[in-house]
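Undergrad: could you look at this predicted model? Sequence included:
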Amino acid sequence: MSKDTLHRFSDRVENYVKYRPHYPAEVFDFLETEGLIAKGAVITDIGSGTGISAEPLLKRGYEVKGIEPNREMREAAEKFLEAYQNFKSIEGIAEHTELSNHSVDLVLAGQAFHWFDKEKSKKEFKRILKTNGNVVLMWNDRRTDTTDFLKVYEDFLQMFGTDYKVVNHKNVQDKSVFAPFFGGEFHEKSFYNYQDVDFAGLKGRVLSSSYMPGEGHADYEFMIYTLKKIFMRYQENGRVRLDYDTKIYYGILN
């Protein structure tokens, strides 16, 4: 992991905590009914960030070990999840988790896999997983063309994003990437998700993304002006809807 990658979100933490979409309960219901996690399971959340993907698992009583290299995000998760005794926060990376051999039942990566070194992380996951332990890769995949607002919003991100096309996680959601990582068969499932946001929420969602200009950037003021115009054009009762497909890819590493 490069230094740039490690610190991309350091100045985005507050907006990330407040405005990033969470994951629908149906995802975790599915993981349980499909037998990917069972009572008493130990789960490691790789690239656990501010704790968004860990919280639903902690609420269900699982032990979660959060692996996060970014100090600011790790500290935000520790504060967010401080009420859960079954959460352990660990400074580590996907390629070197600091976990013991064969110590976890499930490896989960929410909104993070596209940052990993695929070969090194696969080797590390196989080391820490118990026999027949699964890996689940998960994203909130924002829809870009199903409504007029989403089409214009996507154009807005393309216009102002500093390296949007480079870091967009959709670049790695391809079977040609997953097949060699899993070493053969893997499964996929999609769930509907959404956010209804006012202008503060939409602005915060934009500023939570590492590829968008922050305060002080030459494009910042014009970007916010443009966003306001878009919001005013498409809002209904003071809100707009961001639609997502929460996608999971899962299987046993071979």
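TA: Nice, thanks for sending it over. Numbers count the residues shown, from 1 in each chain.
Undergrad: what lies in contact with the helix or strand containing Val107?
TA: In this structure, Val107 sits in strand 104-110 according to DSSP states H and E. Contacts to strand 104-110, defined as C-beta atoms under 8 Å, 6 or more residues apart in numbering, come from residues 23, 31, 36-38, 41-49, 52-53, 57, 65, 94, 116, 125, 128-130, 133-139. Glycine gets a C-beta too; all of them are placed from N, C-alpha and C.
Undergrad: try it again with 7 Å
TA: Residues outside strand 104-110 that contact it (C-beta atoms under 7 Å, 6 or more residues apart in numbering) are 23, 36-37, 41-47, 52-53, 65, 125, 128-130, 133-138.
Undergrad: and those residues, which of them are in strands?
TA: Under the assignment DSSP state E, those contribute 42-46, 65, 129-130, 133-138 to strands.
Undergrad: and these as JSON lines, adding pLDDT?
TA: Compiled in JSON lines, the ones in strands among the contacts of strand 104-110 are given as follows (pLDDT from 0 to 100):
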{"residue": "Val42", "pLDDT": "98"}
{"residue": "Ile43", "pLDDT": "98"}
{"residue": "Thr44", "pLDDT": "98"}
{"residue": "Asp45", "pLDDT": "98"}
{"residue": "Ile46", "pLDDT": "98"}
{"residue": "Lys65", "pLDDT": "98"}
{"residue": "Leu129", "pLDDT": "98"}
{"residue": "Lys130", "pLDDT": "97"}
{"residue": "Gly133", "pLDDT": "96"}
{"residue": "Asn134", "pLDDT": "97"}
{"residue": "Val135", "pLDDT": "98"}
{"residue": "Val136", "pLDDT": "98"}
{"residue": "Leu137", "pLDDT": "97"}
{"residue": "Met138", "pLDDT": "96"}
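Undergrad: dump these into JSON lines; add distance to Gln195 and neighbour count as well.
TA: As requested, these are arranged in JSON lines below (distance: C-beta to C-beta, whole Å; neighbours: other C-beta atoms under 10 Å):
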{"residue": "Val42", "distance to Gln195": "31", "neighbour count": "19"}
{"residue": "Ile43", "distance to Gln195": "25", "neighbour count": "24"}
{"residue": "Thr44", "distance to Gln195": "27", "neighbour count": "28"}
{"residue": "Asp45", "distance to Gln195": "21", "neighbour count": "29"}
{"residue": "Ile46", "distance to Gln195": "24", "neighbour count": "29"}
{"residue": "Lys65", "distance to Gln195": "28", "neighbour count": "23"}
{"residue": "Leu129", "distance to Gln195": "33", "neighbour count": "22"}
{"residue": "Lys130", "distance to Gln195": "35", "neighbour count": "13"}
{"residue": "Gly133", "distance to Gln195": "32", "neighbour count": "23"}
{"residue": "Asn134", "distance to Gln195": "28", "neighbour count": "22"}
{"residue": "Val135", "distance to Gln195": "27", "neighbour count": "24"}
{"residue": "Val136", "distance to Gln195": "22", "neighbour count": "23"}
{"residue": "Leu137", "distance to Gln195": "21", "neighbour count": "27"}
{"residue": "Met138", "distance to Gln195": "17", "neighbour count": "23"}
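Undergrad: which of these sit farthest apart?
TA: Pairwise distances across the ones in strands among the contacts of strand 104-110 (C-beta to C-beta) peak at 20.1 Å, for the pair Lys130 and Met138.
Undergrad: and Val136, how far from Gly110?
TA: Remark: distance between Val136 and Gly110 (C-beta to C-beta, to the nearest Å) = 9 Å.
Undergrad: and Asp29, by the same measure?
TA: Distance, Asp29 to Gly110, using C-beta to C-beta: 16 Å.
Undergrad: just Tyr249 next, same as before
TA: Distance from Tyr249 to Gly110, counting by C-beta to C-beta: 12 Å.
Undergrad: cool, and Ser210?
TA: Applying C-beta to C-beta to Ser210 and Gly110 gives a distance of 16 Å.
Undergrad: neighbour count winner among the two?
TA: Neighbours per residue (other C-beta atoms under 10 Å) separate Ser210 from Gly110, with Gly110 holding more: 23 against 20.
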